[in-house]
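K.L.:
Take a look and give me a structure for this.
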Amino acid sequence: MSSVRLGRTGWKDLTAIFESREEFETDLGLKGRVAIVTGSSQGIGKAIALGLAQEGALLTICARTERRLVETAKEIESSFRTQVLALRTDLAKRNDLRRLVKETEGRFGGIDILVNNTGGPPTAPFMKISEEDWRQATDSLLMSVVFLCLEVIPHMQKRHWGRIINMTSIAAKQPVENFVLSNSLRAGILGLSKTLSNELARDNILVNSVCPGWTWTSRTDELAKEQSLKTGVPYEEVVREWEKEILLGRLAQPREIADLVVFLSSERASYLTGATLQVDGGWVKAML
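P.N.:
As a prediction, the model looks like this:
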């Protein structure tokens, strides 16, 4: 990766950058970087872990289901010959999060990248959501991000380099019917991300949010089946109705979300912080 940087009068340095264009285009600068990716045994989280591993990052992956987690770790190690630490973790438990960070630092000697990725909470109208649902969703979706950032940021400050990418949802930008927990809590993550980006820029720690749209995962499959059962509309028609709302006319593949996250984790994203980026095929109708 070229180390050339533009200063206040550095326009002449552009020549040096483009002379090294081949290297600049192919090296994301992630080899040897240490990344924690939560919720990474399946779906979007797994795709992110695979994408980072492909670029040579050292990985800690975590999830609640140990069997699936171990299988994912073996798949990553065999495919990309990188080191993977797999830790069974409940994101709603503070002690689990402390252990996750401590064991990552102990294994790899530091932490450079944190990708906060969490599964979707229960779906129902507001009046059908229980107090316990709110508390559990708050702990797993919002407070897990808060506590992991608290644990990880000091390690990044020591290196004067860091990337925090918070995975939210299009629901944080345009509320989705019956997704009141996600609509509310993921919007809170956007506020947290923007605040952290303001506070941590001086430490060269970049904080961004990614809002995936409808993506083919097991969770999406479950939602389509649930809606089909509730409404009597065939599964295929449920999916077609979702696709009609997307300008590109299809759901995303997990790798299409992961590609953006890998870029945000890299040296190539060195001037991007405080952003909220939706990867939704044109589903969100708002301008901002």
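
K.L.:
Tell me which stretches of the chain form helices.
P.N.:
13-19, 21-26, 43-54, 66-80, 94-108, 131-137, 144-159, 180-200, 218-231, 235-244, 254-264 (DSSP state H).

K.L.:
Export the ones you listed as TSV, with columns for mean pLDDT and mean neighbour count.
P.N.:
C-beta coordinates here come from the backbone N, C-alpha and C atoms, glycine included. Shown next, in TSV, are those (pLDDT from 0 to 100; neighbours: other C-beta atoms under 10 Å):
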stretch	mean pLDDT	mean neighbour count
helix 13-19	58	12
helix 21-26	56	10
helix 43-54	97	26
helix 66-80	95	16
helix 94-108	98	17
helix 131-137	96	14
helix 144-159	98	19
helix 180-200	97	19
helix 218-231	92	14
helix 235-244	95	14
helix 254-264	97	21
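
K.L.:
Select, out of the ones you listed, the one closest to residue 210.
P.N.:
helix 254-264 (6.0 Å; C-beta to C-beta).

K.L.:
That closest one to helix 43-54, inter-axis angle?
P.N.:
Angle of helix 254-264 versus helix 43-54, following axes from the mean of the first three to the mean of the last three C-alpha atoms, to 10 degrees, is 50 degrees.

K.L.:
outside of helix 254-264, which residues touch it?
P.N.:
Contacts to helix 254-264, defined as C-beta atoms under 8 Å, 6 or more residues apart in numbering, come from residues 28, 30, 43-44, 46-48, 50-52, 54-55, 115, 163, 165, 167, 206, 208, 210, 212, 215-217, 269, 272, 277, 279.

K.L.:
CA atoms of that helix as CSV?
P.N.:
Extracted C-alpha coordinates of helix 254-264, given in CSV (Å, rounded to 0.1, in the frame of the first residue of the first chain):
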residue,chain,number,x,y,z
PRO,A,254,-24.7,-11.3,2.0
ARG,A,255,-21.4,-10.8,0.2
GLU,A,256,-22.8,-7.6,-1.4
ILE,A,257,-23.1,-6.2,2.2
ALA,A,258,-19.8,-7.6,3.3
ASP,A,259,-17.9,-5.9,0.4
LEU,A,260,-18.8,-2.5,1.8
VAL,A,261,-17.8,-3.4,5.3
VAL,A,262,-14.5,-4.8,4.2
PHE,A,263,-13.8,-1.5,2.4
LEU,A,264,-14.8,0.5,5.5
